[in-house]
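Visitor: With the input below, show me the fold.
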Amino acid sequence: MAVQGLEQTILRDPALIYWIVLPITVVMILTGILRHYATVLMNSPPRPASTLAESRERLSLIRGVNLRNNASAVLTTEGFTARKEYLVGAYQSGAFLKNPEARGQPPANPMSDPAAMEGMMGMLKGNMMMMIPQTLIMSWINAFFSGYVILKLPFPLTIRFKSMLQSGVMTRDLDVRWVSSLSWYFLNLFGLQSVFGFILGHDNAANQMAQQMAAVNPAMGSNPFQPGQDPDKLFQSEAENLEVMEHSCILDGIEERVLHNLGA
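Guide: Down below sits the predicted model:
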């Protein structure tokens, strides 16, 4: 057992930095850049709306999402209430649907819709470009660098980080701050997003967090309706989100806050 209060020291070869840490980091950076350009080449641009009704259906859902996200910054309580009542009523009545007569019916089979098939192929390509490089890099690390303790973090951590930082070499007495080679891969997987943003720009295909947020937040895409989704159900869900939302403006009580700051 490690004695509390004593600094745990492991004799490591200084060459581990040059033979493990730097190669893994450089390979992950190059892989992210390659994944970005491969995704740009393989993905086709999003298909614009073919009719005015389809465009209105897309933009109406994005309008409700933007209202929830930005109402507290620009709208008063009266303005928010008016917009909320209008959108909730329109969502519940199906006023924004491009095919109101199909309301309540099961969605069409996406396999029979060329546009839906194209969207499903785009999602499949994105998943492949994300999973294949990760699988190859993890196999490479497991084959050549498995079982190495490569560095020690300069700040204390709780025991809950032990399973994440010491994957492949986790022992009971090893200090939680020691990092294994496989765990260094996971740290780079989420820690290199700012590097990709600096090299490739903010909107890049190597940013996995942005891709996950785009899948969750429909306002980030030009078409919020994925293949096989029922627009009426999405409108009803957005209406429920707006109904339970409580408005709070950032300008409420601004006079008192300014006077308090000036008095201080």
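Visitor: so who does Ala15 touch?
Guide: By C-beta atoms under 8 Å, 6 or more residues apart in numbering, the contact set of Ala15 is empty. All C-beta spots, glycine's among them, are computed from the backbone N, C-alpha and C.
Visitor: Quick check: buried residues in the one helix or strand Ser72 maps to?
Guide: Using DSSP states H and E, Ser72 maps to helix 52-74. Applying a neighbour-count criterion of 16 or more other C-beta atoms under 10 Å, one finds 54, 57-58, 60-65, 67-68, 71-72 buried in helix 52-74.
Visitor: Distance check, Arg160 against Gly191.
Guide: Distance, Arg160 to Gly191, using C-beta to C-beta, to the nearest Å: 18 Å.
Visitor: the longest helix in the chain is where?
Guide: Looking across the chain with DSSP state H, the single longest helix is helix 114-144.
Visitor: Toward the C-terminus from that one, list the very next helix or strand.
Guide: That would be, after helix 114-144 and using DSSP H and E, strand 149-152.
Visitor: which other helices and strands contact that following strand?
Guide: When contacts are defined as 3 or more C-beta pairs under 8 Å, 6 or more residues apart in numbering; DSSP states H and E, strand 149-152 sits against strand 178-180, helix 181-191.
Visitor: right, so of these, which gets closest to Pro48?
Guide: Closest approach to Pro48 among the helices and strands packed on strand 149-152 is made by helix 181-191 (33.8 Å; C-beta to C-beta).
Visitor: Need the contact partners of stretch 240-248.
Guide: 64, 67-68, 71-72, 75, 77, 80-81, 84, 87-88, 91.
Visitor: so where's the stretch 101-250 of the chain uncertain?
Guide: Low-confidence segments of the stretch 101-250 of the chain, defined by pLDDT under 70: 106-119, 170, 205-222, 226-228.
Visitor: Now do Tyr91 against Ala102, distance only.
Guide: Applying C-beta to C-beta to Tyr91 and Ala102 gives a distance of 16 Å.
Visitor: Please identify the buried residues of stretch 97-104?
Guide: 97-98.
Visitor: scratch that, stretch 190-197 is what I was asking about
Guide: Neighbour-count burial for stretch 190-197 [16+ other C-beta under 10 Å]: 192-193, 195-196.
Visitor: Likewise for stretch 147-164?
Guide: Applying 16+ other C-beta under 10 Å to stretch 147-164 flags 148-151, 162 as buried.
Visitor: Between the contacts of stretch 240-248, which sits nearest His202?
Guide: Arg68 (22.8 Å).
Visitor: quick one, what contacts the closest one?
Guide: Contacts of Arg68 by C-beta under 8 Å, 6+ apart are 241-242, 245.
Visitor: Which among the helices and strands packed on strand 149-152 is found nearest to Ile132?
Guide: Per C-beta to C-beta, nearest to Ile132 of the helices and strands packed on strand 149-152: helix 181-191, 14.4 Å.
Visitor: which residues are contacting that closest one?
Guide: 20-21, 24-25, 28, 134, 137-138, 141-142, 145-148, 150-151, 164-168, 179, 208-209.
Visitor: And for stretch 91-103?
Guide: 51, 53-54, 56-57, 60-61, 64, 89-90, 231-232, 235-236, 238-239, 242.
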